[in-house]
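Sequence first, predicted model second:
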Amino acid sequence: MMGVIAIHVGSQYLMNQTANVHLIALLEVASRFSVPIFFFISAFGLFYNLDIHEPLDYRAFMKKRFRTVLIPYLVWSAFYLLHDGLFYGVGFPDPLHLLSILFFGTAKYQLYFLVILIWFYLLMPLWIAIVRRAGKVSLILLFVAQLGFDYWSSFSVAFNTFVYALPDHSLLKPFLMYRLNYWVVHYVFIFVLGGYLAVHIQEFQRFMKENRRAITVFFWASLVWLLAYYYQLIFETGYTPLEAINTAHQLSPAGLFYTLASSVFFFTIFTYQKYPGWLNPILHQLGRHSYFAYLVHPFFITYAATLLQKSGHLMTAPVTIAFYFVILGLSMIAAALCRKLGERLSILNEWTIGVYPRKK
């Protein structure tokens, strides 16, 4: 959640023509683990409480997942469409356009995560079959295949030229332009890895304990590689910061290694690394309210950016850092207040974060 907010605050900072490339690297490159790790965590949670050798009650599974993801997705999509229609004076989309928006997850820039997650849920029997048969060799092969596919999707000149050359009225064009919003194959490896490690949790725990130093070195080495790629694009190739971050992203080869390293590294750190006890309640609250904060933060970005613009303040580096913590703070406060109110008005939590009262 904090990484996603960093990426979107970074997008505001990029409007500054003299933006500090190092702060952009922190906000827009180092935080790129946050996109795929979302699917890693989701898969781990699904498979940790699942017996993969028992038949899946697909209907019950989908009913529960639709309640926790689909309903909040539709509610937040409607909220942003209504809000932005009024705020920007564009009105509410017509029914056909609305269906397109909901299918691709374009009501707001963070909602496509949930669209991909829903597709992962729909294909759950396939992931169970893969995880059930997976081993170290097959995971390596899957990672290599992921490298190849993501490179083709992101960097194939022929494919991307074909997509952008399609006429705007072509029915095929949006399905290819927005492929990152629903093609689960872009994140298959990290999802399967999360499921595999959940099923083999004891073996994974031993691995983390015995290889903590190597895991840490791998994480920092992968981050250095991704940042080096970003800086090379700027200082040697001559890319603008925007062009650089759109190239050195999570689906680039360096980004995929960083994704793998980050997923294992953060899992290890939060499982075995000792840190001050006073951090526990802070981390607990960040985790408890992360879903709502992730969903609501664009709302606060819109008004905070408008306020800055009207006050005549530029998004300088210090202002951007303060902007980040203001957005994070407001999102967390809104999440906590809504969660508290939802304890009395249960429909609020049900519709916004898919949390339902426990049955007595």
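On my side now, so go ahead.

Do I have it right that F104 meets Y178?
Yes. Between F104 and Y178 there is a contact at 4.3 Å, judged by C-beta atoms under 8 Å. Every residue, glycine included, has its C-beta placed from N, CA and C.

Between those two, which contacts overlap?
With contacts taken as C-beta atoms under 8 Å, 6 or more residues apart in numbering, F104 and Y178 have Y112 as neighbours in common.

Name the residues of stretch 241-260 that are buried.
Going by neighbour count (16 or more other C-beta atoms under 10 Å), the buried part of stretch 241-260 is 241, 244-245, 247-260.

Then stretch 124-143?
For stretch 124-143, by 16+ other C-beta under 10 Å, it's M124, W127, I128, I130, V131, A134, L139, L142, F143.

Relative to I347, which of those is nearest.
Top of the list for closeness to I347, among the buried residues of stretch 124-143 and by C-beta to C-beta, is M124 at 27.3 Å.

my guess is the closest one meets D57, correct?
No. Judged on C-beta under 8 Å, M124 makes no contact with D57 at a distance of 10.7 Å.

I'd like the next helix or strand past the helix or strand encompassing W225.
Here W225, judged by DSSP states H and E, is contained in helix 212-235. Moving toward the C-terminus from helix 212-235, the next helix or strand (DSSP H and E) is helix 241-245.

just checking, what packs against that following helix?
Helices and strands in packing contact with helix 241-245 are listed as helix 21-24, helix 212-235; criterion 3 or more C-beta pairs under 8 Å, 6 or more residues apart in numbering; DSSP states H and E.

could you redo the last one with a cut-off of 6 Å?
Helix 241-245 makes packing contacts with helix 212-235 when contacts are defined by 3 or more C-beta pairs under 6 Å, 6 or more residues apart in numbering; DSSP states H and E.

same question for the helix it packs on, mean pLDDT?
Taken as a whole, helix 212-235 carries a mean pLDDT of 97.

Ok, stretch 8-17 next?
The average pLDDT for stretch 8-17 rounds to 94.

quick revisit: okay, the buried residues of stretch 124-143 in a markdown table with pLDDT and distance to S156 next?
Converted to a markdown table, these look like this (pLDDT from 0 to 100; distance: C-beta to C-beta, whole Å):
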| residue | pLDDT | distance to S156 |
| --- | --- | --- |
| M124 | 96 | 30 |
| W127 | 97 | 26 |
| I128 | 96 | 31 |
| I130 | 96 | 25 |
| V131 | 96 | 29 |
| A134 | 95 | 28 |
| L139 | 97 | 25 |
| L142 | 97 | 20 |
| F143 | 98 | 19 |
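
where are the low-confidence patches of the stretch 101-250 of the chain?
Under the criterion of pLDDT under 70, none of the stretch 101-250 of the chain is flagged as low confidence.

Show the residue spans covered by the helices in it.
112-122, 124-133, 136-155, 157-165, 172-177, 188-199, 201-210, 212-235, 241-245 (DSSP state H, counting those that start in this stretch).

Out of those, which one sits most buried?
Burial of the helices of the stretch 101-250 of the chain is given as mean neighbour count (mean count of other C-beta atoms under 10 Å); helix 188-199 ranks first at a mean of 24.

So which elements touch that helix?
The criterion is 3+ C-beta pairs under 6 Å, 6+ apart, and the helices and strands that helix 188-199 contacts are helix 34-48, helix 124-133, helix 136-155.

just the angle between that helix and helix 34-48, please?
Direction vectors for helix 188-199 and helix 34-48, defined by axes from the mean of the first three to the mean of the last three C-alpha atoms, to 10 degrees, enclose an angle of 40 degrees.

List the neighbours of helix 188-199 that are in contact with it.
Surrounding helix 188-199, the residues in contact under the criterion C-beta atoms under 6 Å, 6 or more residues apart in numbering are 36, 39-40, 43-44, 47-48, 120, 127, 130-131, 134, 142-143, 146, 204, 259.

wait, which of the helices of the stretch 101-250 of the chain is closest to F325?
Of the helices of the stretch 101-250 of the chain, the one closest to F325 (C-beta to C-beta) turns out to be helix 241-245, at 21.3 Å.
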